[in-house]
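Visitor: next one to model:
(one chain, ligands or ions: 2)
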Amino acid sequence: MDCPKCAVGKLSEVIVRIQVPGTDRELTVDQCFTCQGVWFDANELETYLQEKLTVLNSGVLSDEALKELDYKVGKCPRCQIPMSKKRGPSKRRINVDYCEKCHGYWLDCTEVDRIEPGPSVMGMLEDFFGYLSTLTGGH
Ligand SMILES: [Zn+2]
Ligand SMILES: [Zn+2]
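Guide: Ligands and ions are numbered 1, 2, ... in the order given. Down below sits the predicted model:
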């Protein structure tokens, strides 16, 4: 598939392994290695956020390039129709590109990082579970 934002990029499959005890699931998303944006098919972004995954990393682009990408109206790589801007399905206030037809989401480079729960939340969870294990005594 062609990248919705940059003229030259192609989307490549990226396999995200969901490492939750008891489940062995994989999520396949598509990432453009030129502008580092990520395409999520319908429900994939919700799953990604639900599982609190932080495996996708944005690349380093100049602020200017990022602004340009954000401003640009993306074309859905599946339906080839212009996408609309929508609030991302997360508490973070970010706007993402959304396809009304196939319900897929496109996240520009840094939007991937910004929509993730972030290390602070993961740190809090780890602290919490660490605290729980001290309560149970550990032996
Ligand atoms: Zn691209
Ligand atoms: Zn679409």
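
Visitor: from what I can see, Leu27 looks like it's in a helix, true?
Guide: No - going by DSSP: H, G, I helix; E, B strand; the rest coil, the assignment for Leu27 is strand, not a helix.

Visitor: how about the residues of the protein by ligand 1?
Guide: Residues of the chain lying near ligand 1 by Cβ under 5 Å from the ion: Cys3, Lys5, Cys6, Gly9, Cys32, Thr34, Cys35. Bear in mind the C-beta positions are built from the backbone N, C-alpha and C, glycine included.

Visitor: any chance of the residues you listed in a markdown table, with distance to Glu46 too?
Guide: Output for these, formatted as a markdown table (distance: Cβ to Cβ, whole Å):
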| residue | distance to Glu46 |
| --- | --- |
| Cys3 | 22 |
| Lys5 | 22 |
| Cys6 | 26 |
| Gly9 | 25 |
| Cys32 | 21 |
| Thr34 | 26 |
| Cys35 | 23 |
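
Visitor: farthest pair within the residues you listed?
Guide: Lys5 and Thr34 (9.0 Å; Cβ to Cβ).

Visitor: which residues of the protein score low on pLDDT?
Guide: By pLDDT under 70, the low-scoring segments of the chain are 20, 23, 53-59, 89-92, 116-131, 136-139.

Visitor: and the residue nearest the centre of it?
Guide: Val112 (4.3 Å; Cα atoms, centre = their mean).

Visitor: pretty sure that one contacts Trp39?
Guide: No - the pair Val112 / Trp39 is not scored as a contact, 10.8 Å apart, by Cβ atoms under 8 Å.

Visitor: thinking again about what came up before, now the residue nearest to the centre of the chain. Its backbone dihedrals?
Guide: Here is the backbone geometry of Val112 (degrees, to the nearest 10): phi -60, psi -50.

Visitor: thanks a lot, catch you later.
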